[in-house]
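Colleague: fold the stuff below for me.
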Amino acid sequence: MYRLIAVTLCLTISFTGFALTVHAQSGGDSRSDTGPALAVAIDRSVNRGIDFLQSRGQAADGSFSGETGAAVTALCVDAILKNRPQAIHDPVIQNALKYLESKFQGDGGIYETGSLHQNYETSVAVGALVRSNRDGQYDSALKRAELFLKGMQWDEGEGAETSDTAYGGAGYGKHKRPDLSNTSFFLDALHDLGNGPEDEAIQKALKFVLRTQNLSDEGNDTDFAGKVGDGGFYYTPAAGGQSMAGESDSGGLRSYGSMTYAGLRSMIYAGLTADDPRVQAAMEFIRNTYSLESNPGMGNAGLYYYYHTFAKALDAAGVEVLDDAAGNPHAWRAELANTLIAQQQDDGSWVNKKSDRWMEGDRQLVTAYSLLALAYCRPN
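Modeller: Residues are numbered from 1 along each chain as shown. Prediction:
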């Protein structure tokens with residue numbers, strides 16, 4: 001049921017030290033309603049999701065989906081504590097932390113022995129440990145993890161010059177090239193550890209991030225830069241380039257939603273502001289493809305990863321209301337919250353029933369994504 005509002009909105013959207021005023025004629029629907037009722041609904045949904053993880057999601061060794069090493073367990077810890085900080089002393093969290101501690105490696109990484117996902121596991125583990133750190137108990141482990149992650153970055157240490165399309169990026173390890181998803185996890189970890197835009201590793205990563213944007217003459221000096229030109233982001237320019245959304249007829253790498261939000265967040269962490277043409281181009285793609293029905297360009301694949309990345313990026317950008325291509329304003333926090341609440345399963349979990357690509361058939365992982373996204377949806 002749609003509710004028409006015959007008023008003109010004047011919105012102030014702030015990005016990292018810059019305020020952008022946007023005027024839009026309202027024509028939204030009831031999903032954009034905000035206020036106490038929404039907060040209550042979010043809390044109820046979050047509690048059901050946490051109860052699922054606590055009662056049905058954890059194995060005897062403290063892990064959540066232990067075959068992924070530290071990754072899913074770390075995401076679940078982060079998701080619970082971001083919504084319920086007082087749970088730090090609960091046995092479920094303490095057992096999960098012991099499991100993560102069992103993945104501390106001699107090189108400073110936090111991953112399963114023999115893992116091909118060392119950057120990913122360590123990066124998300126850093127987020128969980130930062131949130132769990134009490135009385136400095138993880139200070140040493142976090143410093144070592146930071147050195148490990150920076151040591152894995154593709155730069156001069158790997159023989160990469162600044163002109164190399166891999167330069168500055170981070171990758172899983174199973175492929176011999178970095179990608180934007182892993183680079184955004186890497187930047188999340190550095191940000192969580194308190195590193196600002198002046199950090200050398202963050203500025204190196206920015207060089208890689210900009211080469212994943214479909215925008216010419218603004219940092220993307222690859223052959224793909226101007227072939228699509230929509231301001232969105234793709235997976236990687238390295239080792240010949242790849243987009244999970246495929247290639248365009250012109251031979252370009254198609255942009256898609258989840259990577260564009262990852263790119264936006266990464267640029268913000270690297271100090272770019274709302275008046276920067278690269279940020280403006282990313283926001284234009286986001287306005288033109290705004291959707292909570294699918295991961296733009298990817299359909300149902302990676303939908304919950306998309307929801308989490310969408311929420312984290314728009315929150316980092318300070319965006320409260322976003323106009324779509326037709327000029328309709330969207331109060332994204334309320335719309336996303338109601339979307340996730342409607343998709344929650346009877347047992348309190350979430351799962352991608354339409355696509356299990358990228359492990360989205362795993363209820364623990366998808367529930368973690370959903371709880372993390374909901375944490376950004378509470379009305380400010």
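Colleague: so, low pLDDT: which residues of the stretch 51-200 of the chain?
Modeller: For the stretch 51-200 of the chain, the stretches with pLDDT under 70 are 173-175.
Colleague: and the helix or strand hosting Ile80, how far from the chain's centre?
Modeller: In this assignment (DSSP states H and E), Ile80 forms part of helix 71-83. Relative to its chain's centre, helix 71-83 lies at 14 Å (Cα atoms, centre = their mean, to the nearest Å).
Colleague: what do you get for stretch 147-158?
Modeller: 22 Å.
Colleague: helices of the chain, residue ranges please.
Modeller: Applying DSSP state H to the chain gives helices spanning 36-56, 71-83, 91-101, 118-132, 139-152, 180-192, 200-210, 225-228, 257-269, 277-289, 303-317, 332-343, 363-375.
Colleague: the fifth one vs helix 91-101, what angle?
Modeller: Which is helix 139-152. Relative orientation of helix 139-152 versus helix 91-101 (axes from the mean of the first three to the mean of the last three Cα atoms, to 10 degrees): 50 degrees.
Colleague: and helix 139-152 with helix 118-132, angle?
Modeller: Interaxial angle, helix 139-152 versus helix 118-132 (the same axes, to 10 degrees): 150 degrees.
Colleague: so what's Cys377 up against?
Modeller: Contact analysis of Cys377 by Cβ atoms under 8 Å, 6 or more residues apart in numbering lists 42, 311, 333-334, 336-337, 340. Where you see a C-beta, it was placed from the backbone N, CA and C, and this is true even at glycine.
Colleague: separation between the closest residue to Lys98 other than its chain neighbours and Asn328?
Modeller: Once flanking residues are discounted, Lys98 sits nearest to Gly62: 5.4 Å by Cβ to Cβ, 6 or more residues apart in numbering. Applying Cβ to Cβ, to the nearest Å, one obtains 46 Å for the distance of Gly62 from Asn328.
Colleague: ok, these two, which is more surrounded?
Modeller: Gly62 (21 against 16; other Cβ atoms under 10 Å).
Colleague: got a list of what the more buried one touches?
Modeller: Gly62 makes contact with 73, 95-99, according to Cβ under 8 Å, 6+ apart.
Colleague: measure it to Ala96 for me?
Modeller: Distance from Gly62 to Ala96, counting by Cβ to Cβ: 5 Å.
Colleague: how about Lys227?
Modeller: 45 Å.
Colleague: which of those two has more residues huddled nearby?
Modeller: Counted by other Cβ under 10 Å, Lys227 and Ala96 do not tie: Ala96 has more neighbours, with 25 against 17.
Colleague: shouldn't His330 be in contact with Val319?
Modeller: No - counting by Cβ atoms under 8 Å, His330 does not reach Val319; the two are 9.8 Å apart.
Colleague: give the buried residues for stretch 351-368.
Modeller: Across stretch 351-368, burial judged by 16 or more other Cβ atoms under 10 Å covers 351-352, 355, 357-360, 362-368.
Colleague: endpoints of that stretch, how far apart?
Modeller: Start and end residues of stretch 351-368 are separated by 10 Å (Cα to Cα, to the nearest Å).
Colleague: now it, how far from the chain's geometric center?
Modeller: The answer for stretch 351-368 is 15 Å, by Cα atoms, centre = their mean.
Colleague: cool, and stretch 43-53?
Modeller: So, by Cα atoms, centre = their mean, the centroid of stretch 43-53 is 21 Å from its chain's centroid.
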